[in-house]
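Trainee: Requesting a structural model of the entry that follows:
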Amino acid sequence: MERAQERASTTGVNGAAEPPGGAERTEAGTTTGIALELLVHGVGGATPEKMLNDPRTVRITGDETAAVFRRADDAEAEEGPADPHGAPVREAYVWCNLTSGNGTRALWLLLTPFMVVNLAHWMRPTARNRPGTVRFYGLLVRLAGLSLTVLLVAAACEVALDLTAWQCAGTRACAEAHSWLGFLSPTESGGGWWSAPGRRLALAAVMPAALTGLLWFLSRRTWSAYESQRPMAHAPEPVDENIRTALGRPGFWYGRRLVARLRAAHTAAGLLTVTAALGSAAARHDRAPGGPAALATLAGLLYVALVGGAVAVVWVVCRRGRSERRLDQALDARLVRLLPGGALALLLLTAVYAGWSRPGWRSAGRLPGDTTFGALTLLQGIGVIVLAFVANLLYRAHPDPRAAMRGLGGPAVTTLACALGGVMSGGVSQRVADWLDGTGGSIAGPPVLLTWQASVIPAVLLVALGLVGWLARRTLQLRRAELDAVEQDYDDGSGVRMDAMRTRRIASMRAMAALTDRAPRIIGITSSVTLLLGAAALVGARTTDDTPGEASHGTYAVVQGAAETAQALGSWLIGFGFLLFVTWGRRAYKDPAARRTIGILWDVGTFWPRASHPFAPPCYAERAVPDLTWRMATWTEATGGRLVISGHSQGSVLAAAAAWQLKPAVRARVALLTYGSPLERLYGRWFPAHFGPAALTSLHHDVACWRNLYRLTDPIGGPVHLPGDCGPEVDRAPLKDPLAYGRNKEHPLPSPILGHSDYQADPAFVEEREELLGRLLPREALPGPRPGGGAQGSSGRSSG
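Mentor: Now for the predicted structure:
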């Protein structure tokens, strides 16, 4: 199919394009000089064989993780004569292994809340002349990310220290049911050395400390592979920052220093959380009347050191944000070593303190987990409210009607990240408690707050079901409205017979594709309900100090029944979610196909650098964007040829980001072809500070020329919607999908509805590519650079 398109493109749809001034022509009337089309695939990945439509491909440059491929016949295309008709050499940049590589990618599921909160950093509204407010916004998101690290480690402490070592091993019935805990049980071991409460806790602390170490290891390994990829150096362009995006700054895709600092701070925070959980029970015993004075004094000293470490962690997180205007090579090596090293040393000292002999000390009840989880929930709620206030200030200073949720997308996503972290923490604690105790009631169980949080999940699901019903109703309304539009689009006067079922199917695809534009309302309602119900759960836990079912005793029967039902259903749902999570992760570890499916989530969620959480899955664009930038710059410099970078779906976002990183002289020889692109529909609305109208307009003026293709049946791609006359220059009218309504001579078999895929099957793709190549100038025909580094007007741009 693609080879047929290339043969058809030699004459073009409307004849050969006129070459721009200064370019030579052959006898056949086509432009001389080699041309290159650099293809960039979208979410889900693709093979080079499929992208190039040829089973014989060779790797031109790159490694097993990401590489550029060509057809074997084109491997040495630069050494021979250019195609006499101007057909481009085609290359495929394959980057899917950056997000769906080996089996360890399954561990990234554990990092989902961190990934979500990292997105909130980049969702801030467009800001002009408000650097202090922008920095405060980033600071609040970084603190929210820090709270999620503490929450995750606190959940691990709850499972290992409280439920297992403190409650189950200290209760005879529970220890008898789990023989592997016998050496920790005072009754089963006959008062063995490890049966002392402090020593049990010290041994159990290995698990959350090891989890913190695993997060550190994953972050450091990916940091070495992603953040340490140095982009092509270039000086900042002397232009008005109000009309450009930060994605063009030299250090935007080089977050090495910040991630190293945040990794040290979050690792220390995790170890300090284990230290607090380990030492609190022993300190409470020592400070009781009649407790050992020496140990009580030591507990005070350890407490002071713990507070000092916590202050140092918060200071590191707050002290420095991203440095984008230059390539920041500093690493703060001393801080990166000393902060987690000091926290580890304090943990070891606390383990010795907790394991000291204390005759007569027995474990009973719960560890003080309610206070920890309650404080975290309260701080997260306050942080989200303040973040919403700051985001609203930024939005009101520079309103953007296209911005999702009027600039409140960041606070909404932060709420969902905190809720997801709470659900994961509660799910693990609840399942482990049920596994250890079953229905025996021999142990106290997890903190009351976690039970209250699980009990509000059914209410959240009811709201979600209501939103699904609203979407279904809206889809039917849109489908009815599209029925007439479909008939008009395919009624070309040739007497095509309309089929009601075919028309309904096309209209249904268009209606479902339009639901993407309802996402802001869905996220806004869900996050608001989640915040309110989370506050209600916190108030209920603090005021009653009991589970919802127990707290409702003595009230009306309907209230008691609803509370007990919500608690039981919430426990079942959170358990089901936990099992689903584990099953999905296990399958992803073993099955490459399932890993690629999960990789789609990472394709969308890990485009942005790790600005607020170092344990989030790594930013693949910090490898992909420099790859594309280096390839385009070196090829155009070596050959002086014309280059079209052709991006589908998420690949169009990578293509745009790479174009912003090019020097102005190189951008003048590069054209951009996007199709199925979420540049405006998703990124422009949810990340307005970086892909808003001003940023995309600047991209239009920065590259030599740009065309965008989309379909009404595509749920992801859409028009760019540039303001003024720029819009028609970039957006082509919606492509027909399907290509033909019924059977005809060109399409004897029914044409499929393609939606988001196979844009290259449409003849408009080749037509637009040839038009872009015709508008590009070879190097020898380029005029000198204009003052200010602009690349428009004289670069060969046409006005229509």
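Trainee: where in the stretch 51-200 of the chain is pLDDT low?
Mentor: For the stretch 51-200 of the chain, the stretches flagged by pLDDT under 70 are 100-107.
Trainee: Going by residue numbers, what spans are strands in it?
Mentor: For the stretch 51-200 of the chain, the strands defined by DSSP state E, counting those that start in this stretch occupy 57-62, 67-71, 89-94.
Trainee: which residues touch the shortest one?
Mentor: In this case it means strand 67-71. Contacting residues not belonging to strand 67-71 are listed as 38, 48, 51-52, 54, 56-62, 77, 89-94, 627, 631 [Cβ atoms under 8 Å, 6 or more residues apart in numbering]. From N, CA and C alone the C-beta is placed, and that goes for glycine too.
Trainee: Kindly recompute the last result at 7 Å.
Mentor: Strand 67-71 has contacts (Cβ atoms under 7 Å, 6 or more residues apart in numbering) with 48, 52, 54, 56-62, 90-94, 631.
Trainee: How far away from the center of its chain is that strand?
Mentor: From the chain centre to the centre of strand 67-71 is a distance of 27 Å (Cα atoms, centre = their mean, to the nearest Å).
Trainee: in its sheet, what does that strand sit against?
Mentor: Partners of strand 67-71 in the sheet, by DSSP bridges, are strand 57-62 (antiparallel), strand 89-94 (antiparallel).
Trainee: Name the helix or strand for the residue lying farthest from the centre of the chain, please.
Mentor: Distance from the C-alpha centroid of the chain, by Cα atoms, centre = their mean, peaks at G290 (53.4 Å). Under DSSP states H and E, no helix or strand contains G290.
Trainee: among the strands of the stretch 51-200 of the chain, which is nearest V644?
Mentor: strand 89-94 (9.8 Å; Cβ to Cβ).
Trainee: shaky segments in the stretch 201-350 of the chain?
Mentor: 233-243.
Trainee: ranges for the strands of the stretch 251-400 of the chain?
Mentor: Counting by DSSP E, counting those that start in this stretch, one finds no strands in the stretch 251-400 of the chain.
Trainee: ranges for the helices of it?
Mentor: For the stretch 251-400 of the chain, helices defined by DSSP state H, counting those that start in this stretch occupy the ranges 256-286, 293-319, 333-354, 369-397.
Trainee: what's the distance between the last one and the middle of its chain?
Mentor: In terms of Cα atoms, centre = their mean, the centre of helix 369-397 is found 21 Å from the chain centre.
Trainee: just the angle between the helix or strand that it is followed by and helix 369-397, please?
Mentor: Beyond helix 369-397 on the C-terminal side, the first helix or strand identified by DSSP H and E is helix 409-437. If you take axes from the mean of the first three to the mean of the last three Cα atoms, to 10 degrees, helix 409-437 sits at 160 degrees to helix 369-397.
Trainee: buried residues in helix 409-437?
Mentor: Across helix 409-437, burial judged by 16 or more other Cβ atoms under 10 Å covers 409-433, 436-437.
Trainee: quick one: the strands in the stretch 451-600 of the chain?
Mentor: According to DSSP E, counting those that start in this stretch, the stretch 451-600 of the chain contains no strands.
Trainee: residue ranges with poor pLDDT in it?
Mentor: 493-496, 585-600.
Trainee: now the helices: where do they sit in it?
Mentor: 457-490, 500-514, 519-544, 548-551, 557-590, 592-605.
Trainee: Could you do the stretch 651-800 of the chain as well?
Mentor: Ranges of helices within the stretch 651-800 of the chain are 664-667, 685-686, 688-691, 693-702, 726-730, 763-775, based on DSSP H, counting those that start in this stretch.
Trainee: Would you tell me which of those helices gets closest to T530?
Mentor: Judging the helices of the stretch 651-800 of the chain by Cβ to Cβ, what sits closest to T530 is helix 685-686, at 18.3 Å.
Trainee: hang on, the earlier thing: the residue farthest from the centre of the chain and W361, how far apart?
Mentor: G290 is 12 Å from W361, where distance means Cβ to Cβ, to the nearest Å.
Trainee: With Y395 instead?
Mentor: Where W361 is concerned, Y395 sits at a distance of 56 Å (Cβ to Cβ).
Trainee: Look at the two and report which has more neighbours.
Mentor: Y395 (20 against 14; other Cβ atoms under 10 Å).
Trainee: Ignoring the adjacent residues along the chain, who's closest to that one?
Mentor: G407 (3.1 Å; Cβ to Cβ, 6 or more residues apart in numbering).
Trainee: The one you found and L393 touch, don't they?
Mentor: No - with contact defined as Cβ atoms under 7 Å, G407 does not reach L393; the gap is 9.2 Å.
Trainee: most tightly surrounded among the strands paired with strand 67-71?
Mentor: Highest mean neighbour count of the strands paired with strand 67-71: strand 89-94, a mean of 25 (counted as mean count of other Cβ atoms under 10 Å).
Trainee: tell me the angle of that one relative to helix 763-775?
Mentor: For strand 89-94 against helix 763-775, the angle by the same axes, to 10 degrees is 110 degrees.
Trainee: And for strand 89-94, what's in contact with it?
Mentor: 34-41, 46, 48, 51-52, 60, 66-71, 74, 77, 627-628.
Trainee: now do stretch 444-454
Mentor: 158, 163, 167, 365-366, 369-370, 373-374, 377, 422, 425-426, 429-430, 433, 437, 534, 537-538, 540-541, 545-548, 567, 570-571, 574.
Trainee: Tell me which residues touch the most centrally placed residue in the chain, please.
Mentor: Among the residues of the chain, the one closest to the centroid is G605, at 1.7 Å (Cα atoms, centre = their mean). If you count contacts by Cβ under 7 Å, 6+ apart, G605 has them with 115, 119.
Trainee: re the thing from before, now distance to Q488 too, for the strands of the stretch 51-200 of the chain, in CSV please.
Mentor: Below are the strands of the stretch 51-200 of the chain laid out as CSV (distance: least, Cβ to Cβ, whole Å):
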stretch, distance to Q488
strand 57-62, 43
strand 67-71, 41
strand 89-94, 36
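Trainee: least reliable of the helices of the stretch 651-800 of the chain going by mean pLDDT?
Mentor: Within the helices of the stretch 651-800 of the chain, the stretch with the lowest mean pLDDT is helix 726-730, showing a mean of 80.
Trainee: what comes up buried for that helix?
Mentor: 726, 729-730.
Trainee: do the same with stretch 187-207
Mentor: Per 16+ other Cβ under 10 Å, stretch 187-207 contains these buried residues: 188-189, 194-205, 207.
Trainee: which ones are touching the residue lying closest to P738 once chain neighbours are set aside?
Mentor: Nearest in space to P738, with sequence neighbours left out and distances taken as Cβ to Cβ, 6+ apart, is S751 at 3.7 Å. Contact analysis of S751 by Cβ under 7 Å, 6+ apart lists 738-740.
Trainee: I'd like to know which of these is nearest to M501.
Mentor: Using Cβ to Cβ, the contacts of S751 come closest to M501 at P738, 13.5 Å.
Trainee: In this model H747 seems to touch that closest one, though I could be wrong.
Mentor: No - contact between P738 and H747 fails when scored by Cβ under 7 Å: they sit 8.3 Å apart.
Trainee: Neighbour count for these two, which is higher?
Mentor: Shown here are P738 and H747; by other Cβ under 10 Å, P738 has more neighbours (19 against 13).
Trainee: Quick check: the gap between that one and A481.
Mentor: Taken as Cβ to Cβ, the span from P738 to A481 is 20 Å.
Trainee: Could you look up the SS state of G45?
Mentor: Recorded secondary structure, G45: coil (DSSP: H, G, I helix; E, B strand; the rest coil).
Trainee: wait, isn't it in contact with L98?
Mentor: No - counting by Cβ under 7 Å, G45 stays clear of L98, with 9.4 Å between them.
Trainee: Those two - which one has more neighbours?
Mentor: L98 (24 against 18).
Trainee: What count of nearby residues applies to the nearest residue to the more buried one once chain neighbours are set aside?
Mentor: When the adjacent residues along the chain are set aside, L98 lies closest to Y620, with 3.8 Å between them (Cβ to Cβ, 6+ apart). The tally of other residues near Y620 (other Cβ under 10 Å) stands at 25.
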